[in-house]
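Enquirer: got a sequence here, can you build the structure:
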Amino acid sequence: MMSTDKRVFVGSLATETNTFSPLRTDLHDFKDSFYALPGEHPETPTLCSAVFPVARSRAPQYGWNLIEGTATWAEPGGIVNQHSWEFLRDQLLDQVRAALPLDIVLLGLHGAMVAQECLDCEGELLEAVRSITGQETIIGVTFDPHSHLSQKRLDNSDLMVVFKEFPHTDFVIAAENLVDLAHRTATGELKPTLSVFDCKMIEVLPTSRHPMRGFVDRMKSLEGQDKILSVSAIHGFMAGDVPDIGAKIIVVTDSAQEQGDRLAHNLGMELFDLRGKTRPEFLSPEAALDKAESSPNSPVVIADVWDNPGGGVPGDSTIILREMLQRCLEDAALATIWDPMAVRTCISAGEGATLPLRFGAKTSATAGDPVDAEVTVKKITLAAKQRFGSSIVPMGDCVCIDVHGIDVVLNTVRSQVFGPDAFSILGVNPARKKFLIVKSTNHFHDAFAQISDDILYAAVDGPYPNAPETNVYKNLTREVWPRVSFPHGDPKLTRKAV
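Expert: The predicted model follows:
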């Protein structure tokens with residue numbers, strides 16, 4: 001075991017902000033989802049706090065004196081209350097000050113947080129950390145790919161590692177890479193440099209299918225060659241109205257700036273060339289249900305991609321459910337509709353009770369109309385949780401109700417559906433259903449592909465701003481595709497490596 005000689009601080013402050021969402025986010029939302037004070041982080045990681053368990057496991061080997069700060073995460077939602085942001089920011093900064101002197105600071109961030117008076121929360125946080133620690137401290141950060149990369153973040157970080165996969169099945173791997181690179185930098189083995197290329201595009205880039213599958217595999221194959229330490233792709237988050245919205249490539253090299261710049265440029269233009277080719281087929285609700293009804297496979301999974309709480313919207317749309325009811329579908333299940341009031345009513349009624357219930361469509365004029373029906377409460381699960389890889393995601397108190405033959409899961413803590421256990425914890429066997437409707441864009445894919453050979457994507461218009469070519473961005477000033485056809489100048493010149 002090495003002697004303890006490096007003081008290392010870890011912290012995590014994360015959420016994804018949909019600036020178009022009818023919701024707002026405050027401290028209660030962070031505490032509802034995940035809030036761990038220093039020393040209280042569980043052994044299991046969360047999406048943006050995997051640096052905690054990874055740093056713990058590496059500390060004895062690396063000779064680290066590990067100081068843990070607060071780790072907190074709020075389910076994606078609307079703009080963060082300014083007082084809540086300042087409280088959480090200042091809490092973490094006070095912990096950094098108290099831990100001085102520091103050799104390394106490792107932060108698990110999301111990268112798409114926006115507060116009422118701050119368009120670049122992560123940039124503001126990193127700038128403040130740098131001002132506290134000084135230039136000699138190594139600052140490393142993990143980001144979710146659905147984030148925004150500002151110059152302020154680059155100016156105040158030594159290392160950046162972004163999850164490569166969408167679904168984000170590799171968030172622990174990203175934390176391991178960051179921790180290992182930070183250690184090698186602290187020993188003097190490495191002198192990392194960051195290279196970035198702006199792809200100037202807004203697109204959905206799922207890595208569970210080609211061509212993004214091949215692009216990610218290519219990024220992975222480059223790491224460890226020559227002086228290339230890490231290669232990441234920022235996908236961007238189209239629901240965040242900020243100046244830096246859009247896809248970017250990050251290359252970390254060992255003191256090889258020109259090589260990194262050249263590779264970032266070339267990969268960035270390769271990614272730009274995939275524009276318009278990466279999305280799965282998005283069907284209307286009617287077309288998706290038509291296709292599901294005619295499919296010989298069972299179960300057929302339909303993703304309600306735009307009413308995804310993971311994108312910051314409420315997750316209480318009833319549009320696709322109403323279409324199912326109109327068709328008198330049976331042998332079907334839907335998860336989830338966020339409606340704490342309806343859940344409370346069903347809990348009061350008790351399992352087995354039949355009652356008239358109004359549920360859904362409470363928070364947006366574009367999420368359909370509430371459903372009024374006589375329902376049966378089939379199952380109540382208090383403090384329900386689902387899994388996403390090695391992380392545990394709270395769903396709050398939940399109920400499963402029978403609505404004219406359709407099983408519907410209602411929840412109290414907003415969460416997208418990650419896997420079949422979102423049904424099974426409510427007494428529904430998803431493998432035995434003909435139709436499964438999930439509110440998620442793509443994080444559900446890997447888990448549901450284990451039980452279904454037929455996965456469809458339904459693009460149901462609602463509160464999510466899903467058309468970047470026409471979304472009303474007030475803070476976007478540079479040209480990006482698809483708002484312009486080619487924002488990189490002369491195509492022949494931009495194809496050349498810098």
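Enquirer: what lies in contact with stretch 112-120?
Expert: 13-17, 19, 79-82, 84-86, 121-122, 124, 144, 146-148, 150, 152-153, 237, 240-244, 475 (C-beta atoms under 8 Å, 6 or more residues apart in numbering). C-betas here are computed from N, CA, C, even on glycine.
Enquirer: and the buried ones among the residues you listed, selectable in ChimeraX?
Expert: In ChimeraX syntax, the buried subset of those is picked out as below (16 or more other C-beta atoms under 10 Å):
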select :13,14,15,16,17,19,79,80,81,84,85,121,122,124,144,146,147,148,150,152,153,237,240,241,242,244
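Enquirer: sort out for me which of the contacts of stretch 112-120 are in strands.
Expert: 13-14 (DSSP state E).
Enquirer: biggest strand in this protein by residues?
Expert: Counting residues, the longest strand found in the chain (DSSP E) is strand 371-388.
Enquirer: what about that one, distance to the chain center?
Expert: How far strand 371-388 lies from its chain's middle: 24 Å, per C-alpha atoms, centre = their mean, to the nearest Å.
Enquirer: who does it pair up with?
Expert: Paired neighbours of strand 371-388 in the sheet (DSSP bridges): strand 354-359 (antiparallel), strand 391-403 (antiparallel).
Enquirer: after the longest one, which helix or strand is next?
Expert: In the C-terminal direction, the helix or strand that comes right after strand 391-403 (DSSP states H and E) is strand 406-411.
Enquirer: in terms of secondary structure, what does that next one contact?
Expert: helix 319-326, strand 332-338, helix 340-349, strand 371-388, strand 391-403, helix 421-424 (3 or more C-beta pairs under 8 Å, 6 or more residues apart in numbering; DSSP states H and E).
Enquirer: what comes up buried for the longest one?
Expert: Within strand 371-388, the residues that count as buried by 16+ other C-beta under 10 Å are 371, 373, 375-381, 384-388.
Enquirer: most tightly surrounded among the helices and strands packed on strand 406-411?
Expert: strand 332-338 (a mean of 27; mean count of other C-beta atoms under 10 Å).
Enquirer: would TSV of the buried residues of strand 371-388 with pLDDT and distance to residue 364 be doable?
Expert: Below are the buried residues of strand 371-388 laid out as TSV (pLDDT from 0 to 100; distance: C-beta to C-beta, whole Å):
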residue	pLDDT	distance to residue 364
371	98	15
373	98	20
375	98	22
376	98	27
377	98	26
378	98	27
379	98	27
380	98	27
381	98	26
384	98	24
385	97	27
386	97	24
387	96	29
388	95	25
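Enquirer: now these in JSON lines, with distance to residue 157?
Expert: Listed next are the buried residues of strand 371-388 as JSON lines, based on distance: C-beta to C-beta, whole Å:
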{"residue": "371", "distance to residue 157": "47"}
{"residue": "373", "distance to residue 157": "52"}
{"residue": "375", "distance to residue 157": "51"}
{"residue": "376", "distance to residue 157": "54"}
{"residue": "377", "distance to residue 157": "50"}
{"residue": "378", "distance to residue 157": "49"}
{"residue": "379", "distance to residue 157": "46"}
{"residue": "380", "distance to residue 157": "46"}
{"residue": "381", "distance to residue 157": "41"}
{"residue": "384", "distance to residue 157": "37"}
{"residue": "385", "distance to residue 157": "33"}
{"residue": "386", "distance to residue 157": "32"}
{"residue": "387", "distance to residue 157": "31"}
{"residue": "388", "distance to residue 157": "26"}
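Enquirer: tell me the one of these nearest residue 66?
Expert: Distance to residue 66, by C-beta to C-beta, is smallest for residue 388 among these, at 25.3 Å.
Enquirer: ok, the spatially closest residue to the closest one that is not a sequence neighbour - contacts?
Expert: Nearest residue to residue 388, sequence neighbours excluded (C-beta to C-beta, 6 or more residues apart in numbering): residue 418, at 4.0 Å. Residues near residue 418 by C-beta under 8 Å, 6+ apart: 386-388, 393, 440, 443-444, 447.
Enquirer: same check, this time on residue 27
Expert: Contacts of residue 27 (C-beta under 8 Å, 6+ apart): 81, 84, 87-88.
Enquirer: how does it look with 6 Å?
Expert: Residues near residue 27 by C-beta atoms under 6 Å, 6 or more residues apart in numbering: residue 84.
Enquirer: how close does the closest residue to residue 137 other than its chain neighbours get to residue 95?
Expert: Excluding the flanking residues, the one nearest residue 137 by C-beta to C-beta, 6+ apart is residue 102, at 5.2 Å. According to C-beta to C-beta, to the nearest Å, residue 102 stands 11 Å off from residue 95.
Enquirer: who's more crowded, those two?
Expert: Neighbours per residue, other C-beta atoms under 10 Å: of residue 102 and residue 95, the larger number sits with residue 102, 22 against 17.
Enquirer: ok, that one touching residue 138?
Expert: No. Judged on C-beta atoms under 6 Å, residue 102 makes no contact with residue 138 at a distance of 8.8 Å.
Enquirer: what stretches of the stretch 301-450 of the chain score poorly on pLDDT?
Expert: Low-confidence segments of the stretch 301-450 of the chain, defined by pLDDT under 70: none present.
Enquirer: can you tell me which of the buried residues of strand 371-388 is nearest residue 187?
Expert: For those, the nearest to residue 187 is residue 388 (33.8 Å; C-beta to C-beta).
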